[in-house]
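Chemist: Need a 3D model of the sequence below.
(one chain, ligands or ions: 2)
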Amino acid sequence: MIYTVTLNPSIDYLVEVESFQMGKVNRTSYDAKFPGGKGINVSRVLKRLGNSTTALGFIGGQTGEFVKRFLRQEEIFTDFTEIAGDTRINIKLKTGLETEINSQGPVISKGNYQQLFSQIEQLNNNDILILSGSIPPSVPSDVYEAMSRSCIHNGIKVVVDTSGKELLDVLPHRPFLIKPNHHELGELFSTEISTVDDAREYGAKLVEAGAQNVIVSMAGQGAVLCSGGESYSANVPKGNVINSVGAGDSMVAGFIGTYERTGDILSAFRFSLAAGSATAFSSDLGTLDKIEELLPQIVINQLTGG
Ligand SMILES: Nc1ncnc2c1ncn2[C@@H]1O[C@H](COP(=O)(O)OP(=O)(O)OP(=O)(O)O)[C@@H](O)[C@H]1O
Ligand SMILES: O=P(O)(O)OC[C@@]1(O)O[C@H](CO)[C@@H](O)[C@@H]1O
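Modeler: Numbers count the residues shown, from 1 in each chain. Ligands and ions are numbered 1, 2, ... in the order given. Here you go, the predicted structure:
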């Protein structure tokens, strides 16, 4: 079973305004609500790929009910920890540009935290655990490090999709996959990652630091995979970007779902790009049909150089 952890789920409220004016009343040309939070997005795409997944995390209030109901309708297993506060609402405003307003989210009590942690301690070595998204201020900031440490003892593969210190701190626990985008990778090394070569060079440093597989996503420029001593680049398919919310999460789902089904790292990498772009080209997360339609356009090249 693939478990995802979303510490701060959301309702993503997608709003499209044709000619947005600051300080004025604006009317939407499109709006929609989806369950959100990175782990939840990963679970939704995994389900579309045919993998078994259970979404864990903190949920509460009427907004939390919306999220649970939506996931139930998609037949996704959940085992959330119920909290006293309300699950947040994140605004995704499309005005030509994409602007996001993510709320802080509700307070998580010590008891809530312990409840989630004991679920993680019960996973077994056939499981995969995906930790992604921001850490709410009321949750210990070393939560991903602590969960990764516990999983390593139990032989569980761990995927971590976060940034900054929280990402660096999990590396000694040998995460199976991390997926920084090129900005996040640059921030880790106080540099700018603008080419495939840069991504390969700095991605390889994260492998040296302990990650088993590193995908550096570079939006429309494609992605780089560093795996063991090897590295590969892949392009993105051509298409019209409609909404990139969840594109990175779809890459994680595409990679892990395919790896779980095939055990093949390069097939997983191809699927990862197709899934990311299928979502970027859709208003909600990409469907399996869309992913399969894009797959033949993805070309992988092995990279050379030290
Ligand atoms: N212009 C584009 N054309 C095709 N695919 C794209 C484009 N932009 C993004 N994508 C898809 O989205 C994936 C993830 O993009 P990005 O590198 O921005 O990651 P991210 O920052 O984690 O994503 P996000 O925060 O938007 O979920 C890309 O690898 C690609 O598959
Ligand atoms: O505030 P966080 O946890 O960093 O990100 C939350 C979020 O922006 O990430 C997902 C897209 O990746 C959205 O569904 C959600 O609203």
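
Chemist: Give me the nearest residue to residue 41, chain neighbours excluded.
Modeler: Among residues not flanking residue 41 along the chain, residue 249 sits closest, at 3.6 Å (Cβ to Cβ, 6 or more residues apart in numbering). No exception for glycine: its C-beta is placed from N, CA and C like everyone else's.

Chemist: quick check, the one you found in a strand?
Modeler: No - Residue 249 sits outside any strand when classified using DSSP: H, G, I helix; E, B strand; the rest coil, being helix.

Chemist: which ones are touching the closest residue to residue 18 other than its chain neighbours?
Modeler: With Cβ to Cβ, 6+ apart as the criterion, residue 18 has its nearest non-adjacent residue at 5.1 Å, and that residue is residue 29. When the contact criterion is Cβ atoms under 8 Å, 6 or more residues apart in numbering, the partners of residue 29 are 16-18.

Chemist: Can you tell me the element residue 275 falls in?
Modeler: Using DSSP states H and E, residue 275 sits in helix 265-280.

Chemist: Does stretch 102-120 reach ligand 1?
Modeler: No - looking at stretch 102-120 against ligand 1 by Cβ under 6 Å from any ligand atom, there are no contacts, and the closest approach is 11.1 Å.

Chemist: and the end-to-end length of that stretch?
Modeler: Using Cα to Cα, to the nearest Å, the span of stretch 102-120 from its first residue to its last is 26 Å.

Chemist: Any buried residues in it, and which?
Modeler: 102, 105-106, 108, 112-113, 116, 119-120 (16 or more other Cβ atoms under 10 Å).

Chemist: would you say residue 91 is within a helix?
Modeler: No - applying three-state DSSP, one finds residue 91 to be strand, outside a helix.

Chemist: Select only the buried ones of the contacts of residue 29 in PyMOL?
Modeler: A single PyMOL command is used to select the members of the contacts of residue 29 judged buried by 16+ other Cβ under 10 Å:
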select buried, resi 16+17
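
Chemist: quick one: which of the contacts of residue 29 sit in strands?
Modeler: residue 16 (DSSP state E).

Chemist: Same list, the contacts of residue 29, but as JSON lines with distance to residue 34 and pLDDT please.
Modeler: Rendered in JSON lines, the data for the contacts of residue 29 read as follows (distance: Cβ to Cβ, whole Å; pLDDT from 0 to 100):
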{"residue": "16", "distance to residue 34": "14", "pLDDT": "95"}
{"residue": "17", "distance to residue 34": "18", "pLDDT": "96"}
{"residue": "18", "distance to residue 34": "21", "pLDDT": "94"}
